[in-house]
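Asks: Structural data only, the sequence is not supplied:
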C-alpha cells in the first residue's frame, strides 16, 4: 500500500478532511441549517404492501442496507417521486436496472413477479394490488433553526390495468402522518382531498405548481439544485469531475448576451470619453488668448 493510499484511508490531509467530511456546518447553538428529511412513510408503494412503513432519519445522514431485492431502490425511488416529476425519473436506477424496467404504475400496483402465458409466448406481471387501491408516499422535512416542519405527500391510484396512475400532491406546514391524516375516508380520493383541505393542506393536481410551492417553502430560488439532485440520485460513478461540475453545478450563462452587453458598455464609455475630449477642446478654443505685453519704444 502506498503512502498516499494509506493517507487517504486514514482521512487524508486537512484539506481532504474538509472536503469529504460529513460534519455539517451548524449555527452557534450547534443546530444544522436547512430543511432535512426527518421521516418517510410509505403505504402500498411497490412491495411495501398494506401496512405503513416508516423510515426515521431525523435529519441526519443515513445508511440504508439490505439484501438484493429487499427494497432499497424502492425507498430511494419514493423520495425521488416526492421531489421530481415522475416522467423524468429512471426508476430502479440505484440497482442498475434497465430503463423502463420499473415505472410509476408498477410501484402503484405492486408488480413483484411475472407469469408466463399457457403457450409461453408472453409474460404478464403479477400485481399485489388491484385498481382503485390508494398509494401514499409522505415525507416530513424539518428546519431545526426555524423550528418549522413541512409535510409533502403524493397520493396515487390506478383506474386501469396499464397506463399512468391518477395522482395529486399535497403540502402542509406542520407534521402529518399517513395513519393520522390519510385514513378514515374509505377509498374515495375526493373525500381524502376534502379531509386534507380541512387540515390546511394545499393540493395540486400537477407537479409544476406543487414543485413551485415546496421550493418556495424550502428557499430554493432556482432549478439548479433540483437538477443536481436529479443527476446525482442513485449515481454510481462520475466519469469526468470537471465536466460534471461545469454541467450540473454551475449556473447556466448566456455568453453571447454578456459579450453583447460588454461591447455595448464599451461603446457607451467610448462615446462619453470622446464627448469629454470634445468639451475640453471647445473650452480651450473659447478661452481668450493672453494679451501680448506692450512694446517698449526705442
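Replies: Structure received. Since the model is a prediction, treat every value here as computed from it, not as a measurement.
Asks: Only C-alpha atoms from now on, for both contacts and neighbour counts.
Replies: Noted.
Asks: got a list of what residue 31 touches?
Replies: Listed by Cα atoms under 8 Å, 6 or more residues apart in numbering, the contact partners of residue 31 are 144-145.
Asks: Now do it against residue 38, distance only.
Replies: Distance of residue 31 to residue 38, computed by Cα to Cα, to the nearest Å: 14 Å.
Asks: How about residue 229?
Replies: Residue 229 is 18 Å from residue 38, where distance means Cα to Cα.
Asks: And those two? Which one has more around it.
Replies: residue 38 (18 against 15; other Cα atoms under 10 Å).
Asks: now the strands: where do they sit in the stretch 1-150 of the chain?
Replies: Taking DSSP state E, counting those that start in this stretch to define them, one finds strands in the stretch 1-150 of the chain at 35-43, 53-56, 111-116, 123-127, 135-143, 148-157.
Asks: For residue 289, find the nearest of the ones you listed.
Replies: Smallest distance to residue 289 across the strands of the stretch 1-150 of the chain (Cα to Cα): 75.9 Å, for strand 35-43.
Asks: avg pLDDT for the closest one?
Replies: Mean pLDDT, strand 35-43: 96.
Asks: Give me the helices and strands touching it, please.
Replies: Strand 35-43 makes packing contacts with strand 53-56, strand 135-143 when contacts are defined by 3 or more Cα pairs under 8 Å, 6 or more residues apart in numbering; DSSP states H and E.
Asks: Just want the angle from it to strand 148-157.
Replies: With axes from the mean of the first three to the mean of the last three Cα atoms, to 10 degrees as the basis, strand 35-43 and strand 148-157 are set at 30 degrees to each other.
Asks: got a list of contacts for strand 35-43?
Replies: 48-60, 78-79, 135-144, 149, 177-178, 218.
Asks: Quick one, which of those residues are buried?
Replies: Buried members of the contacts of strand 35-43, counted by 16 or more other Cα atoms under 10 Å: 48-49, 52, 59, 78-79, 135-143, 149, 177-178, 218.
Asks: Could you find the closest non-adjacent residue to residue 114?
Replies: In this structure, residue 114 finds its nearest non-sequential neighbour in residue 125, 4.2 Å apart by Cα to Cα, 6 or more residues apart in numbering.
Asks: ok, now which ones touch the one you found?
Replies: 111-115.
Asks: could you dump the residues you listed to a markdown table with distance to residue 281 and pLDDT?
Replies: Supplementary listing: these in a markdown table, determined by distance: Cα to Cα, whole Å; pLDDT from 0 to 100:
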| residue | distance to residue 281 | pLDDT |
| --- | --- | --- |
| 111 | 86 | 90 |
| 112 | 88 | 84 |
| 113 | 90 | 82 |
| 114 | 91 | 80 |
| 115 | 94 | 80 |
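Asks: Looking at those, which is nearest residue 154?
Replies: residue 111 (19.2 Å).
Asks: Run through the bridge partners of that closest one.
Replies: Counting by DSSP bridges, residue 111 is bridged to residue 127.
Asks: pLDDT of stretch 223-236, averaged?
Replies: pLDDT averaged over stretch 223-236 gives 78.
Asks: same thing with stretch 186-193?
Replies: Across stretch 186-193, pLDDT averages out at 88.
Asks: measure the closest residue to residue 168 other than its chain neighbours to residue 175 for me?
Replies: Distances taken as Cα to Cα, 6+ apart put residue 205 closest to residue 168, at 4.7 Å, once the chain neighbours are dropped. Per Cα to Cα, residue 205 is found 21 Å from residue 175.
Asks: circling back to that earlier point, return the residues in contact with the residue nearest to residue 168.
Replies: The contact partners of residue 205, by Cα under 8 Å, 6+ apart, come to 167-169.
Asks: What pLDDT is listed against the closest residue to residue 92 other than its chain neighbours?
Replies: Leaving out its chain neighbours, the residue that sits closest to residue 92 by Cα to Cα, 6+ apart is residue 73, at 5.6 Å. Looking at residue 73, its pLDDT reads 89.
Asks: Am I right that residue 73 is in contact with residue 80?
Replies: No - using Cα atoms under 8 Å, residue 73 is not in contact with residue 80, being 10.3 Å away.
Asks: The stretch 1-150 of the chain: helices as residue ranges?
Replies: 3-10, 14-20, 72-83, 104-109 (DSSP state H, counting those that start in this stretch).
Asks: Out of those helices, which gets the lowest mean score?
Replies: Lowest mean pLDDT within the helices of the stretch 1-150 of the chain: helix 3-10, a mean of 35.
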